[in-house]
Every structure is written in C-alpha cells, then in structure tokens.
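Visitor: What shape does this take:
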Amino acid sequence: QSAEFFTTQQIKYFYNLSDTQYKLLKLSAASLNLSILQVIESRLDVLLFRFQFASSIFQARDMIARSAVSINNIICTNKNTIVSLG
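Guide: Reported below is the predicted structural model:
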C-alpha cells in the first residue's frame, strides 16, 4: 500500500495535479477501462508538451489559458481536455 501511495504522489507531482484532479482522472480512467497514465497522457496540456509545442506543461497550460490553442478549428480553453485520435 505504501508503494501505491508513493506512485500516486509521484504522478501528482510530475503532472502537477491536485488531489481533486487526480481523483477525477482516476474515475475517468476506470469508466473508460484505461490506466490513469493513459488518460493523463491524453490531456491537451500534456500532449502540447510531449509534441514540443511547449517547453513545459506550465507553458502549455499558459498557451491554453491565453486561447492560443484550437482543436478542429475550435479554440480550447480547458487544460483538462482529453484529446482522442481522429
């Protein structure tokens, strides 16, 4: 149980997630039958960072907050948006 706690803390720290955000993502993952990391790695802010449109997750969140990001020609202002293939 302490290993699970340590892993949870590492994930929350690395992705800068609050307890509430982590719990919501965990519920989303369970409902989609995915791992929590699959759901986290599908978030818009994380994808912007992974594909090097931003130099950090913080910069990606700033870009989203400034309405500088659009998906399918729709401006996206929610950093928690889950992006799916297609």
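Visitor: Now the nearest residue to residue 67 once chain neighbours are set aside: phi and psi?
Guide: Excluding the flanking residues, the one nearest residue 67 by C-beta to C-beta, 6 or more residues apart in numbering is residue 75, at 5.0 Å. Backbone N, C-alpha and C define where each C-beta goes, glycine included. Note on residue 75: backbone dihedrals following degrees, to the nearest 10 are phi -70, psi 130.
Visitor: residue contacts, residue 40?
Guide: By C-beta atoms under 8 Å, 6 or more residues apart in numbering, the residues touching residue 40 are 11, 15, 17, 25, 46.
Visitor: Return the subset of these lying in helices.
Guide: Secondary structure from DSSP state H places 11, 25, 46 of these in helices.
Visitor: export stretch 55-68 as PDB, just CAs?
Guide: Extracted in PDB, the C-alpha atoms of stretch 55-68 (Å, rounded to 0.1, in the frame of the first residue of the first chain):
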ATOM      1  CA  SER A  55       8.800  23.700 -23.400                       C
ATOM      2  CA  SER A  56       6.900  22.700 -20.200                       C
ATOM      3  CA  ILE A  57       3.500  21.600 -19.000                       C
ATOM      4  CA  PHE A  58       3.200  25.000 -17.400                       C
ATOM      5  CA  GLN A  59       3.800  26.800 -20.700                       C
ATOM      6  CA  ALA A  60       1.300  24.500 -22.400                       C
ATOM      7  CA  ARG A  61      -1.300  25.500 -19.700                       C
ATOM      8  CA  ASP A  62      -0.500  29.100 -20.300                       C
ATOM      9  CA  MET A  63      -1.000  28.800 -24.000                       C
ATOM     10  CA  ILE A  64      -4.400  27.100 -23.400                       C
ATOM     11  CA  ALA A  65      -5.400  29.800 -20.900                       C
ATOM     12  CA  ARG A  66      -4.500  32.500 -23.400                       C
ATOM     13  CA  SER A  67      -6.800  30.900 -26.000                       C
ATOM     14  CA  ALA A  68      -3.800  30.100 -28.300                       C
END
